[in-house]
Each structure stands twice: as C-alpha cells, then as structure tokens.
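Trainee: Give me the fold of what follows.
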Amino acid sequence: MNIDLIITEMNFGGAERALTQLAIGLRDRGDDVRLFSFGKLPTADSLPKGNDRLVQQLHDEGIEVTSGGVQTSRGFLPATIQLRRWLARRPGSLIQTFLWHANVLGILNASSRQPRVAGIRVAEPNSLRLAVERQTLRKVDHVVCVSRAVETFAQQQLNLSPDRTSVIPNAVDVDAFASADPIDWTDLGWPADSPVVLFVGRLHTQKGLEHLQRTVERFAPEDSHRKLVLIGNGPLQNELATWAKQVSGDRVRVLTWQSNIASWIAASRVVVLPSRYEGMPNVILEAMAAGKPVVSSRVEGSQELIGHDPNQGFELNDDTALVHSLERFLADEDLATQTGQANQSRVRSQFTVDAMVDAYRELYAKIVA
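Mentor: Sure thing, here's the model as predicted:
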C-alpha cells in the first residue's frame, strides 16, 4: 500500500513517537510510506537536546519526510498549499492524519478519491476545535481512537457512528525501558537511595500539577528523604521553577525535557500523572514498561492502563487519595517492585509496537479493499 502520514509537528512527543513507530513498522511490512509535517522539523541544533530524535530515526530508515516549515500561525496557508501539491503526487495513497491541525487541514485538502483515516488522540474539551473537527470528519472513511474512553468521547462530541470508529492503543518498546540504566541522584546533590516521585510531561494546566504543589508537604515532608522531580517543557515552566525554589529542603526540582527519559524513570520509585484529561498517556506505558508503579488520575486512557490495579489510580481532585496512593509505594519498596513487575508483564503482553502496527495495517487493508 501507498500510505501518506500527516502530522502537525515532529518535535519529540507522544503522538509523534507513535507515528514514527507506525511509519517504520509499515515500511518494514512492505508498504510505501512517506510523511508530511506542517511544523518546521527539529534539527540536531534544536533545543531541547535530542528533540530531533524521531526525525533522525525516520531518515535513518529511508522514509521520506517533508516539512511545511510552519513556525507561526501565518505559516499554515503556504504549508497547506505545499501539502496539496505533495498529496497530488500520489493521488491514490491512503491518508492517515495525527493531531488536530493535521486532521483538519490534511482531510480538507485530500482528494475525494483518496481513502482518509483520522486519528483522535485526546479527549480535549475545546468547543471551537470540536466544532471544526466535527465538520471535517464527515469526509473521512474512518477514525482511529487511542482508547475506549476517547472513542466514546469522539462518538458523542464529534457525532461519529460506532461503525466509523475503532480503538488502536499506543504502544511501547518494552525492552528499551526495561533495560535502561538509572541516572544517579547524587548528580543532583541528593542521596543515591532517594525515593523519588517523578512526573514527565508537558508543563501545562491539562496535567493537573497543582495537585502535586498542594500535596508535596504530605507525601515528601521536609524531615524525609523523599523528592519530587518534574520533567518537561510548557507554559507553566517558569512558574513551577519559582515554586520549586520556594519549597524548603531541596525537595523539588523542575527540569526541561531530557533525552534519556528512560534512565530517569528507571531511577524513580513511582511515576505520577494527575492529569485533568488524557488520551492514552505514553508516560504511563513507559513507566509500566520500565517496571515501575504509577499513580494516575482516573481519566480516559489512563484508567484503561491502570484499571487492573485500583491502588494505582485516584479520582481527579481527590488530593487525599493521591497522597495515599503515593505513600503506599514510597513507604514500601517491595510493593513498588511487585507492582512494577506486574505492570511490565501487562504492557509486554498487550501494548507492543508490532501489535499496534498490525492493527493499523489490518484496518487500512479493509478500507482500500
């Protein structure tokens, strides 16, 4: 099959990583794959360091990557014209779009003769975006959702009939995370055996980080050796960095995105994700693959990942339950290890990259048949 993948940008992130896994997997199965990114492609000189990793993987695999070069909203018009020409070169290709801008602009500029598949990756309650996407998705053959909860959201909010949607969850390279060497906490000036609560993700209101700010004195009091590390970039970065400095006892660090996330996860005691909404968060899959327990709000795809263990979840806005769940793993290293091992077995059996690619390919074959 000729398959054209379209995405909003290719900075290192969850959706971008899933698309890279899909592109390489399809190519390995004999499909002719190429990719269009509206955003300017990151380079080796881009910050944060390693942000170009996915683009480099695609280049190394010989997959054609084209960029519309968008850096500001004004860049979308010329990029859309470029996309239209790019699509016209292979008018019979199946189109798969990832993320909102790609869903809208990719679908609207495709030929009516081209099979079109959109991807919904998050249950985002944005009324304007939903209204635009609702109209656009009338033109697609099928919509892939990353979790059952996102599928329900899409059917209800985007007026999609059940026969036009399906669920293909994200995947994780288990071995890459299971074999990662942990970082040394002494590099941060902390004891090597510090029990660390780790958050990895965008520093944005979506992620519910105020829950950690409100409760850090309860799960990591100053008279303990416990620590909290927040890793990521985003609009709350400066605010969180200022707050971290105000927390006494050098208990909290806020770091920009790190290229060796697997090593940070490997060194942590527990990974936390108190999000307001999600799709199917890669960081939970990665923590589980690394053999770590997680503590996550029970929202959308997060709930589907941790549903096998009620002790790894808490109801959104329930700070007491959040602290209780963290305390269980911080106070009992053996329990943390046992829970992490069960998590690793779960993702190894249910969330592999091969299974994800095969599911997409099976769907594409049905659509083009």
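
Trainee: What part of this structure, helix or strand, is modelled with the least confidence?
Mentor: For the chain, the helix or strand with the lowest mean confidence is helix 300-306, at a mean of 87 (criterion: mean pLDDT, DSSP states H and E).

Trainee: Go ahead and name everything in contact with that one.
Mentor: Residues from elsewhere that reach helix 300-306 (CB atoms under 8 Å, 6 or more residues apart in numbering): 122-123, 146-150, 153, 169-170, 273, 275, 277-281, 284-285, 288, 294, 296, 298, 312-313. In this view, the C-beta of every residue, glycine as well, is placed from N, C-alpha and C.

Trainee: which regions of the stretch 151-300 of the chain sit below the pLDDT cut-off?
Mentor: Along the stretch 151-300 of the chain, the model assigns pLDDT under 70 to no residue.

Trainee: where along it do the helices fall?
Mentor: 174-178, 210-219, 237-246, 261-267, 282-289, 300-306 (DSSP state H, counting those that start in this stretch).

Trainee: which of the ones you listed is buried the deepest?
Mentor: Sort these by mean neighbour count, taking mean count of other CB atoms under 10 Å, and helix 282-289 sits at the top with a mean of 27.

Trainee: Dump that helix to CSV, restricted to CA.
Mentor: What follows is helix 282-289, C-alpha atoms only, in CSV (Å, rounded to 0.1, in the frame of the first residue of the first chain):
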residue,chain,number,x,y,z
ASN,A,282,2.7,7.3,26.8
VAL,A,283,4.5,8.2,30.1
ILE,A,284,2.3,5.6,31.9
LEU,A,285,3.1,3.0,29.2
GLU,A,286,6.8,3.8,29.6
ALA,A,287,6.7,3.6,33.4
MET,A,288,5.0,0.3,33.2
ALA,A,289,7.5,-0.9,30.6
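
Trainee: Counting by contacts, list what that helix packs against.
Mentor: helix 14-28, helix 174-178, helix 261-267, strand 270-273, strand 294-297, helix 300-306, helix 333-350 (3 or more CB pairs under 8 Å, 6 or more residues apart in numbering; DSSP states H and E).

Trainee: what inclination does that helix have with respect to helix 333-350?
Mentor: Interaxial angle, helix 282-289 versus helix 333-350 (axes from the mean of the first three to the mean of the last three CA atoms, to 10 degrees): 110 degrees.

Trainee: and the angle for helix 282-289 with helix 14-28?
Mentor: Using the same axes, to 10 degrees, helix 282-289 lies at 70 degrees relative to helix 14-28.

Trainee: Need the outlier residue of the protein, farthest from its centre.
Mentor: D223 (34.8 Å; CA atoms, centre = their mean).

Trainee: On the three-state scheme, D4 is what?
Mentor: Applying DSSP: H, G, I helix; E, B strand; the rest coil to D4 yields a three-state assignment of strand.

Trainee: In this structure it contacts T97, no?
Mentor: No: using CB atoms under 8 Å, D4 is not in contact with T97, being 9.2 Å away.

Trainee: higher neighbour count, those two?
Mentor: Neighbour count, other CB atoms under 10 Å: between D4 and T97, T97 has more, with 28 against 25.

Trainee: how near is the more buried one to A365?
Mentor: According to CB to CB, to the nearest Å, T97 and A365 sit 19 Å apart.

Trainee: which other residues reach stretch 98-107?
Mentor: 5-9, 15-16, 18-19, 36, 38, 76, 80, 83, 95, 97, 116, 118-121, 124, 129, 132-133, 136-137, 139-140.

Trainee: Mind giving me the ChimeraX select for those residues, buried ones only?
Mentor: Command for ChimeraX, covering only those of the contacts of stretch 98-107 found buried under the criterion 16 or more other CB atoms under 10 Å:
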select :5,6,7,8,9,15,16,18,19,36,38,76,80,83,95,97,116,118,119,120,121,124,133,136,137,140
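
Trainee: now, which of the contacts of stretch 98-107 lie within strands?
Mentor: Per DSSP state E, strands hold the following members of the contacts of stretch 98-107: L5, I6, I7, F36, F38, I95, T97, R116, A118, G119, I120.

Trainee: show me what contacts the fourth one?
Mentor: Contact partners of F36, counting by CB under 8 Å, 6+ apart, are D4, L5, I6, I7, T66, S67, G68, L83, W86, G106.

Trainee: That's all I had, so thanks and see you.
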